[in-house]
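*Asks:* Any chance you could fold what I've pasted below:
(one chain, ligands or ions: 1)
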Amino acid sequence: MMDYPKPDDETEDCGCSETPATRQSLYSDARAELRRRDFAKFLATVGGLTAVASLTAPLASTTQVFERSYEGPIYSDGVTLVDGEGEPIQEGRLSEGEHMTVFPEPRPGIEDAPTLLVRYSESAYSNVKEGFTVSGYAAFSKVCTHAGCMVGNRDGDLLVCPCHFGKFDPLSGASVEGGPPGRALPQLPITISSDGTLIATGDFEGPVGPGGE
Ligand code: FES
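*Replies:* All right, here's what the predicted structure looks like:
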């Protein structure tokens, strides 16, 4: 197996590891950081998710240490995308080339699900699946499909996972462009409601987080 950069000695229950020096860059989104532990817990306990955790796996290993399979919905038709303050995302919120972290509007049983929202011109996308982009927006799960870290950094237009430098192309369905992830970030079907806010039209198209290949 190919070796990928590994942090030194520290880990958290996300199944990834990070050093103090890299911690700030790993979770630059404040709410995503605050919510990350809760979200992992939520994924493991709510909404039909089954966590098969091996949290005691060797930290030096880059193999998956947190596996889970997703069965129930996080988003569903009509669920509003909101920012870290709970404000609905209006159509004009992002300019082309901008990214941000959003969440499903909280409701019983669904408190959190960090989601990457990006905006580009419609013509910039390739392999566009009908119903997955609207007004240049596309949305993907923020949970890395390798070992569950939060994908939050950028390399140009690429989305980068800080744990092992998995790279995903948001212009091509978040396809894997580098690093160890075995599959794309699941995409969320979205549209714009009559009042101009972004809403989901269904759930993520595939399992959230590690596994699911
Ligand atoms: S958790 Fe390993 S590349 Fe994202």
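*Asks:* List, one by one, the residues from this protein near the ligand.
*Replies:* Residues of the chain lying close to the ligand by C-beta under 6 Å from any ligand atom are Cys16, Cys144, His146, Ala147, Cys149, Cys161, Cys163, His164, Gly166, Gly179, Pro180, Pro181. For every residue, glycine as well, the C-beta is placed using N, CA and C.
*Asks:* how near is the residue nearest to Val160 when sequence neighbours are not counted to the ligand?
*Replies:* Sequence neighbours aside, Asn153 is the residue nearest to Val160 in space, at 4.1 Å (criterion: C-beta to C-beta, 6 or more residues apart in numbering). Using C-beta to the nearest ligand atom, to the nearest Å, Asn153 is found at 10 Å from the ligand.
*Asks:* what about Asn153, neighbour count?
*Replies:* Residues contacting Asn153 under the criterion other C-beta atoms under 10 Å number 16.
*Asks:* switch to numbering from 18
*Replies:* Got it, the first residue is 18 from now on, which makes the last one we talked about Asn170.
*Asks:* Go ahead and confirm it touches Pro179.
*Replies:* Yes: counting by C-beta atoms under 8 Å, Pro179 is a contact partner of Asn170 at 5.4 Å.
*Asks:* Could you check the pLDDT of Gly169?
*Replies:* Note on Gly169: pLDDT of 87.
*Asks:* Sketch out the low-pLDDT regions of this structure for me.
*Replies:* Scanning the chain for pLDDT under 70 picks out 18-89, 126, 128, 229-230.
*Asks:* in this protein, which spans are strands?
*Replies:* Applying DSSP state E to the chain gives strands spanning 67-70, 83-86, 98-99, 116-121, 132-136, 154-158, 170-172, 175-177, 184-186, 192-195, 204-205, 207-209, 215-217.
*Asks:* Indicate which one of those strands is closest to Gln107.
*Replies:* Nearest of the strands of the chain to Gln107, taken as C-beta to C-beta: strand 215-217 at 7.7 Å.
*Asks:* Output the contacting helices and strands for that closest one.
*Replies:* Using 3 or more C-beta pairs under 8 Å, 6 or more residues apart in numbering; DSSP states H and E, the elements in contact with strand 215-217 are strand 98-99, strand 154-158, strand 207-209.
*Asks:* How about Lys159, nearest residue that isn't a chain neighbour?
*Replies:* Pro131 (3.8 Å).
*Asks:* tell me the phi and psi of the one you found?
*Replies:* For Pro131, the backbone dihedrals (degrees, to the nearest 10) come out as phi -60, psi 130.
*Asks:* mind listing the helices for this structure?
*Replies:* Along the chain, counting by DSSP state H, helices occupy 37-43, 47-62.
*Asks:* my guess is Arg171 meets Val177, correct?
*Replies:* Yes: Arg171 lies in contact with Val177 (C-beta under 8 Å); the separation is 6.1 Å.
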